[in-house]
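Asker: I'll drop the sequence and a predicted model, then ask my questions.
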Amino acid sequence: MPRKPRFYLPGIPVHVVQRGHNREPVFYEESDYRAYLGWLQEAATRYHCAIHAYVLMTNHVHILATPGDRDGISRMMQYVGRRYVPYVNHQYGTSGTLWEGRYKASMVQEEDYLLTCMRYIELNPVRANMVAHPRDYRWSSYRTNGEGREEKLVTPHELYLSLAKTAVQRKEAYRALFKAHVDQSEMNEIRAAWQTGTPLGNDYFKHKVEGKLKMRVGQSRRGRPAKRALTP
């Protein structure tokens, strides 16, 4: 049976998560991270997806991007996968699948959740006890969003730009977000959304998305999802 196509709405950010098969590593050397980011940048440009945040962990990736059309996210991920998987198999003498099935994703309500989702993504290495602060991890967008590293891959979202009038003040305001306590219920909500494909937002946002797509999206139950066991 062919896979059901997945569509997203132009202009609405999407949180994408893809994990290695059986939680196995998908990155081994520095060159692997660089290769993936290079193809991700090519794909984002080709399929008109603006990437706002990302993190490449040892066995999974998180990407927050706004597509320019309904199938931009899917095409972007396909483009990267069709290049990165053969690269890994050739580089390390392996064969077969690299990823744990299809990527998972959820649309994100900008006003209430976008900056929280960015923080969730860039704090992944801290939650995994790999570093003490996100600035210490090389393979994420934090140094770009929080400290001004030049990176063609990252496109600032309007909400990020609205944090302050100048670039210096903006980055200072963004860094301040990471000093606040991380609400566990928010983390659970974000995690449940991408695991089930449910739009991350209030009920109005969810119904609006489904109305435009003319289909049910994600879990059928509305309201805050139940707490789940911790996963990336």
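Answerer: Alright, I've got the coordinates.
Asker: would you quantify the distance from the residue most central in space within the chain to residue 181?
Answerer: The centre of the chain sits closest to residue 63, judged by Cα atoms, centre = their mean, with a distance of 2.2 Å. Using Cβ to Cβ, to the nearest Å, residue 63 is found at 25 Å from residue 181. (Glycine included, C-beta is placed from N, CA and C.)
Asker: residue 106 now?
Answerer: Distance check for residue 106 against residue 181: by Cβ to Cβ, it reads 23 Å.
Asker: comparing the two, which residue is more hemmed in?
Answerer: Using other Cβ atoms under 10 Å as the criterion, residue 106 and residue 181 rank with residue 106 on top: 27 against 5.
Asker: about what we covered before: list the contacts for the residue nearest to the centre of the chain?
Answerer: Each residue near residue 63 by Cβ atoms under 8 Å, 6 or more residues apart in numbering is listed here: 15-17, 40, 51, 53-54, 121.
Asker: would you map the helices across the chain?
Answerer: Ranges of helices in the chain, per DSSP state H, are 30-46, 72-92, 110-122, 124-127, 142-147, 158-161, 167-177, 184-196, 203-213.
Asker: in the chain, what residue sits furthest out from the centroid?
Answerer: Farthest-out residue of the chain from its mean C-alpha position, per Cα atoms, centre = their mean: residue 93, at 28.8 Å.
Asker: show me the shaky parts of the protein.
Answerer: 1-5, 219-232 (pLDDT under 70).
Asker: again, only this time at 90
Answerer: Residues of the chain meeting the criterion pLDDT under 90: 1-7, 22-23, 94-97, 101-102, 112, 179-184, 210, 213-232.
Asker: thought residue 91 was touching residue 32?
Answerer: Yes: counting by Cβ atoms under 8 Å, residue 32 is a contact partner of residue 91 at 7.4 Å.
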